[in-house]
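**Q** sequence first, then the predicted structure, then my questions.
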Amino acid sequence: MNLSSTLSAVMLGIASVVAASSVLAHSKQHTEQHRAAVLKEQMPWGIAGDPEQVSRTIEIGMSDAMRFSPDQLAIKQGETIRFVHRNQGKVLHEFVLGTQDELDKHAAMMVKFPGMEHDEPYMAHVGPGKTGEIIWTFNRAGDFDFACLIVGHYQAGMVGRIRVLAE
């Protein structure tokens, strides 16, 4: 191979690396933007909230005794709540908002597919000793539920109740 062929090959290699880096950087940026964009889908128990609209913050403890603390909440219709979840245990826990029927269905799916990955704005997966957060607007009155749907946790009673009081 002569000098000009070698030089052309090196330049082509450098151009490929630069192009690949640009694609990878764009891909990483796209993923981060996608994570930051929250799907605003109306659910029977409310809709994903905006951080600027938070009315108050409620801290929820999660323990390896398979309990939430507190496990009973009263919220006014229209409130946007920042839930801060603190996993005080040594195993992964999650906080999933929903109706009893929806949580039962989701728990059954988790039993069938325990490694199932999911990420919705009404869910927080919190590692041992870590914190998680959900911002949720309760725009519908009624009684709703929350639970840890990790296999065995829900069945052991890791559940809670939310009463949303009409305006």
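**A** Okay, I see it.

**Q** low-confidence ranges, this structure, go.
**A** For the chain, applying pLDDT under 70 flags the ranges 1-38.

**Q** could you list the domains of it?
**A** The chain resolves into domains spanning 1-37, 47-165 when parsed by automatic domain parsing.

**Q** what's the offset of the longest one from the middle of its chain?
**A** Okay, so that is domain 47-165. Distance of domain 47-165 from the chain centroid (C-alpha atoms, centre = their mean, to the nearest Å) equals 9 Å.

**Q** skipping its backbone neighbours, what lies nearest Q100 in space?
**A** Spatial nearest neighbour of Q100, excluding adjacent residues (C-beta to C-beta, 6 or more residues apart in numbering): D145 at 5.2 Å. For every residue, glycine as well, the C-beta is placed using N, CA and C.

**Q** and what of A124?
**A** For A124, the closest residue by C-beta to C-beta, 6+ apart turns out to be G132, at 3.6 Å.

**Q** contacting residues for that neighbour?
**A** Residues near G132 by C-beta atoms under 8 Å, 6 or more residues apart in numbering: V84, H85, N87, F95, A124, H125, V126.

**Q** hmm, try it at 6 Å
**A** Shown in contact with G132 (C-beta atoms under 6 Å, 6 or more residues apart in numbering): H85, A124, V126.

**Q** again with V126
**A** Per C-beta under 6 Å, 6+ apart, neighbours of V126: H85, N87, H93, G132.

**Q** what's the answer for D104, then?
**A** Shown in contact with D104 (C-beta under 6 Å, 6+ apart): no residues.

**Q** can you list the buried residues in the strand or helix carrying it?
**A** Using DSSP states H and E, D104 falls within helix 100-112. Residues E102, L103, H106, A107, M110 are the ones in helix 100-112 that count as buried (16 or more other C-beta atoms under 10 Å).

**Q** ok so, going back, and the contacts of V126, which is closest to R140?
**A** H85 (22.2 Å; C-beta to C-beta).

**Q** number of residues surrounding that closest one?
**A** The number of residues packed near H85 is 23, by other C-beta atoms under 10 Å.

**Q** strands along this protein, start to end?
**A** Under the criterion DSSP state E, strands of the chain are mapped to 47-48, 56-63, 67-69, 72-76, 80-87, 93-98, 123-126, 131-137, 142-147, 159-165.

**Q** H153 is nearest to which of those strands?
**A** Of the strands of the chain, nearest to H153 by C-beta to C-beta is strand 93-98, at 6.7 Å.
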